[in-house]
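Novice: give me a model of this one.
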Amino acid sequence: MSASDSPTDSPTESPAGSPASVPPGTVRGHAGEVAVAVARAHGVQTLFTLSGAHVFPMYDGAVRAKPPLRILDVRHEQTAAFAAEATGKLTRVPGLAVLTAGPGVTNGVSAVAQAQFAGSPMVVVGGRAPQSRWGSGSLQELDQPPILASITKSARTIPTAAEVAGGFDEAFRLAGAPHRGPVFVDVPMDQLFDQAEAVVPDGSRDRGQRPDPEEVDRIARLLAGAQRPVLVLGTDVWADGAEHAALELVEAAGLPAITNGMGRGVVPGGHPLLVTKARSRALGGADLVVVVGTPLDFRLGYGVFGGKEEGSRPAQVVHVADSPGQLAQHAELAGSVSGDLTAVLRGLLSGLDGADLSVWSGWVADLRAAVREATARDAELLGAEADPIHPARIYGELVGRLADDAVVIGDGGDFVSFAGKYVEPKRPGGWLDPGPYGCLGAGLGAAIAARLARPSAQVVLLLGDGAAGFSLMDVDTLVRHRLPVVMVMGNNSAWGLEKGPMQLIYGYDVAADLGEQTRYDEVVRALGGAGETVTDPRGIGPALDRALAADAPYLVNVITDVAAAYPRSTYGV
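Specialist: So this is what the prediction gives:
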């Protein structure tokens, strides 16, 4: 196609190319052009999709935009949706997935559910059978919003081209407002092709409500009166832009902290007040636990802490959330508050002004000693020479090779559980895992998103061999779009998270084995990437060096010991 043949007409030009009489800030064109203009106003930089005719106008709108909006096409709609979900997490701007009607939409459902559980801002646009044919049985005719309603903040059909601008603007505002999450809209195909004119919105979003100052003061008094407090920082601390206020509170008050989800890195790895490695001691011995920006779910013992030592009482629990609907209803709380998390955290620090916090020094020293003990215990496994390879050895080689700005992505069961134990990010916004939904198959989409969002950073995807089966074909997407990513696989030839527990319960296991030492690196090479298999622990480090130096998607396929299961205390039930 020559330059003169390229579709470069602006949405504000008439189809013939002559200037249109359109006021500044107004877009005129088909509804797909209008939709793209609204998305761009809200900060969208990439449209994730798998080609489908029901949404062709969105593609045309992206191509015609000035400058064009990037279209990133994948091999399975789940990957497009997971990429949009990860984009929302990493950039704190709603990600955009555009899925064709029917199976295109239903293939994205698991990623939408993950976004709902994790509070990830994203907008999913579904194609929809033509309104003029509705009820006649046209291709992929399906009423989709009822399917998505229970796992989104909103799911609706935008019925006409004239309503696309307002409907998309509302979708992006809602997705990005606390508590963040996915929003679904679909547009009938005939309406998406139809003409429309609209004023482009300003792209602003709600920053959330101000917290109740009396509740903040009350929590500050609880903290000031505690002997053994612990602060837990979760995903919404990052999502709400409160990472700086959180670190200020930790450091100024000398408050020991544990991080989870995208809260990891808010207190940098190695910080003297980061006591995640002494998690059991901290949460078991605390008399007050203040949980900020994460639910009191199975990962946090459903909000029951302390009382582990004879004669001790359970800890008081405070829950802080970005919106009222996120406050725990099942746990007994000594205090709670919702609203802008920066305001809450700075309010707590202000409320501690003048309080004698030296009483915490012995508790902090005890936890720091526990961290040192845990670090010493970890060293043996991180350097293990076992044959077959212990999965911890992989992290012993990897952690020292991670840059401070690395984005680390977990997609797996046992193998990624080890990552949660040994990888402590140095910066916030650099850790992605499935969150409380526990969905496998998110990794390739997240890796695509991370490479686009952080083009100069290391991007390392940690894969179980089971998880890889959901999405490894999208290495083709990495190759086609020239997105180099390091993939590190713990390959134990089994569904490790299920194999051990089933043996424990029944004395045997079934449906838990995978292909023995499968050469997944050869699959990656066949798709245009690179990789190698490692069976000797001494070969892990050099293989990682080659992967990190490669200018292509590279899989280090490490054969690990299926018997080296992660020593977990809960299975989430």
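Novice: and stretch 226-244, end to end?
Specialist: With Cα to Cα, to the nearest Å as the measure, stretch 226-244 spans 24 Å from end to end.
Novice: got it, and stretch 49-58?
Specialist: This stretch, stretch 49-58, spans 10 Å end to end (Cα to Cα).
Novice: who's in contact with it?
Specialist: Contact with stretch 49-58 is made by 30-33, 35-36, 47, 59, 71-77, 80, 97-101, 104, 125, 127-129, 140, 189, 192-193, as judged by Cβ atoms under 8 Å, 6 or more residues apart in numbering. (C-beta placed from N, C-alpha, C; glycine too.)
Novice: off-centre distance for it?
Specialist: Centroid separation between stretch 49-58 and its chain, computed with Cα atoms, centre = their mean, to the nearest Å, is 25 Å.
Novice: just the buried residues of that stretch, please?
Specialist: Residues 49-50, 52, 54-58 are the ones in stretch 49-58 that count as buried (16 or more other Cβ atoms under 10 Å).
Novice: circling back: just the contacts of stretch 49-58: which are in strands?
Specialist: 30, 47, 71-73, 97-99, 125, 127-128 (DSSP state E).
Novice: which residues are in contact with stretch 367-375?
Specialist: Residues outside stretch 367-375 that contact it (Cβ under 8 Å, 6+ apart) are 256, 272, 274-275, 277-278, 281-282.
Novice: what pLDDT, on average, does that stretch get?
Specialist: Mean per-residue pLDDT for stretch 367-375: 96.
Novice: kindly report the same for stretch 260-272.
Specialist: With pLDDT averaged residue by residue, stretch 260-272 scores 97.
Novice: need the contact partners of it.
Specialist: Here stretch 260-272 makes contact (Cβ under 8 Å, 6+ apart) with 89, 118, 232-235, 237-239, 243, 246-247, 250, 257, 259, 273-274, 293-294, 299-300, 368, 423-433, 435.
Novice: can you select the buried ones from those in PyMOL?
Specialist: Isolation of the buried members of those (16+ other Cβ under 10 Å) is achieved in PyMOL through the command below:
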select buried, resi 89+118+232+233+234+235+237+238+239+243+246+247+250+257+259+273+274+293+294+299+300+368+423+424+425+427+428+429+430+431+432+433+435
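Novice: quick one on the thing from earlier: residue 387: which of the buried residues of stretch 49-58 is nearest?
Specialist: residue 50 (42.3 Å; Cβ to Cβ).
Novice: for that closest one, which non-adjacent residue is spatially closest?
Specialist: Spatial nearest neighbour of residue 50, excluding adjacent residues (Cβ to Cβ, 6 or more residues apart in numbering): residue 77 at 5.0 Å.
Novice: what about the one you found, neighbour count?
Specialist: Neighbourhood size, residue 77 [other Cβ atoms under 10 Å]: 25.
Novice: which helix or which strand is home to residue 419?
Specialist: Assigned by DSSP states H and E, residue 419 falls within helix 414-422.
Novice: show me what that helix is packed against.
Specialist: Using 3 or more Cβ pairs under 8 Å, 6 or more residues apart in numbering; DSSP states H and E, the elements in contact with helix 414-422 are helix 361-382, helix 391-398, strand 407-411, strand 459-464, strand 486-491, helix 496-506.
Novice: if we can go back for a sec, whichever of the contacts of stretch 49-58 end up buried, select them in PyMOL.
Specialist: Remark: buried members of these, expressed as a PyMOL selection using 16+ other Cβ under 10 Å:
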select buried, resi 30+31+32+33+35+36+47+59+71+72+73+74+75+76+77+80+97+98+99+100+101+104+125+127+128+129+140+189+192+193
